[in-house]
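Asker: Quick one: sequence plus predicted model below, questions after.
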Amino acid sequence: MKIITVANQKGGVGKTTTAMCIAAILNAWGHNTLLIDTDGQCNSTDTYRAEVDGVATLYDLIISDDPCEIEEAIQHTEAGDIIAGDPQLEVADIKLRDEDAFFKLKDALEGLKGYEYVIIDTNPDVNVMLRNALTAADEVVIPVTADRYPIKGLSQLTTTISKVQNRLNPKLMIAGLLLVKFKARTKLGQDTKNALSGIAEQIGTRLFDTYIRESISCQEAQTLRVPLIKYAPKCTTELDYEEFVKELLGEEIENG
């Protein structure tokens, strides 16, 4: 089982879309995949139409004083299997203070069976939930947009990743930087792409060859709470994400 975290401490850079598209594509290609929503805003949970009230969520799995078993927290929805986020995750930094605080999710996943991939959607803060997601992961994908501020914010995230690698999860790898919402024909887009190639090299990773273009269909799918692969399987954004999944996982996957 491979665990992939999608992370960037800046909001609005496509983390949730990226995480959901990876999970949906892998499921469609016959690779049983679980999505985990670690964000208290619960955007992945909402799109999957998963429940939050009256059911076990990620909060009940790793934060509650009486934690549930991981099987109890998995919801089987039409969009795919998910461990739902929960607004109560906002108290994680208060509740998780013991020496094992950053290992809660990793420990919970130790008993998970039946999945080839776990995709973790993260919150836009450098906090205990992000560190849990990185400590549990084999790889981290960093979505970035082609403008100045997301690039500036990479420094804080890569520092956090480095600390996790040194202290909590030595096997964690940065899979690469993924350009999203990309407009290839603009000068800013090309300049940013060139700059990101250099930044990726500096932090010991790569800028993926695949970049993700925007489309109206993607926005419509989010509004209607339908996975993009089901709503518009031939739109440019979906096709780009499929190419990205091939680049990310290479020979590990076979699509039909």
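Answerer: Looks like it came in fine.
Asker: Helix or strand, whichever it is, which one in this structure has the lowest mean pLDDT?
Answerer: helix 187-202 (a mean of 80; mean pLDDT, DSSP states H and E).
Asker: got the CA positions of that helix in PDB?
Answerer: Extracted in PDB, the C-alpha atoms of helix 187-202 (Å, rounded to 0.1, in the frame of the first residue of the first chain):
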ATOM      1  CA  LYS A 187       4.700  35.000 -20.000                       C
ATOM      2  CA  LEU A 188       4.100  34.800 -16.200                       C
ATOM      3  CA  GLY A 189       3.200  31.100 -16.600                       C
ATOM      4  CA  GLN A 190       6.400  30.300 -18.600                       C
ATOM      5  CA  ASP A 191       8.600  32.400 -16.200                       C
ATOM      6  CA  THR A 192       7.100  30.700 -13.200                       C
ATOM      7  CA  LYS A 193       7.500  27.300 -14.700                       C
ATOM      8  CA  ASN A 194      11.200  28.000 -15.400                       C
ATOM      9  CA  ALA A 195      11.700  29.300 -11.800                       C
ATOM     10  CA  LEU A 196      10.000  26.200 -10.300                       C
ATOM     11  CA  SER A 197      12.300  23.900 -12.200                       C
ATOM     12  CA  GLY A 198      15.200  25.500 -10.400                       C
ATOM     13  CA  ILE A 199      13.400  25.400  -7.100                       C
ATOM     14  CA  ALA A 200      12.600  21.800  -7.500                       C
ATOM     15  CA  GLU A 201      16.200  21.000  -8.200                       C
ATOM     16  CA  GLN A 202      17.300  22.900  -5.100                       C
END
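Asker: Buried residues, it. List them.
Answerer: 189, 192-193, 196, 199-200 (16 or more other C-beta atoms under 10 Å). For the C-beta atoms, the positions are set from N, CA and C on the backbone; glycine is no exception.
Asker: Among those residues, which one lies nearest to residue 228?
Answerer: Lowest distance from residue 228 to the buried residues of helix 187-202 (C-beta to C-beta) belongs to residue 189, with 21.7 Å.
Asker: would you list every one of the strands in the chain?
Answerer: Ranges of strands in the chain, per DSSP state E, are 2-6, 33-37, 74-76, 81-83, 117-121, 139-145, 173-180.
Asker: Quick check: which of these is buried the most?
Answerer: Among the strands of the chain, ranked by average contacts under mean count of other C-beta atoms under 10 Å, first place goes to strand 33-37 (a mean of 28).
Asker: The nearest residue to residue 247 once chain neighbours are set aside and residue 95: what is the separation?
Answerer: Distances taken as C-beta to C-beta, 6 or more residues apart in numbering put residue 210 closest to residue 247, at 5.1 Å, once the chain neighbours are dropped. Distance of residue 210 to residue 95, given as C-beta to C-beta, to the nearest Å: 39 Å.
Asker: again, but for residue 111
Answerer: Separation of residue 111 from residue 95 (C-beta to C-beta) stands at 22 Å.
Asker: and these two? which has more neighbours close in?
Answerer: residue 95 (17 against 9; other C-beta atoms under 10 Å).
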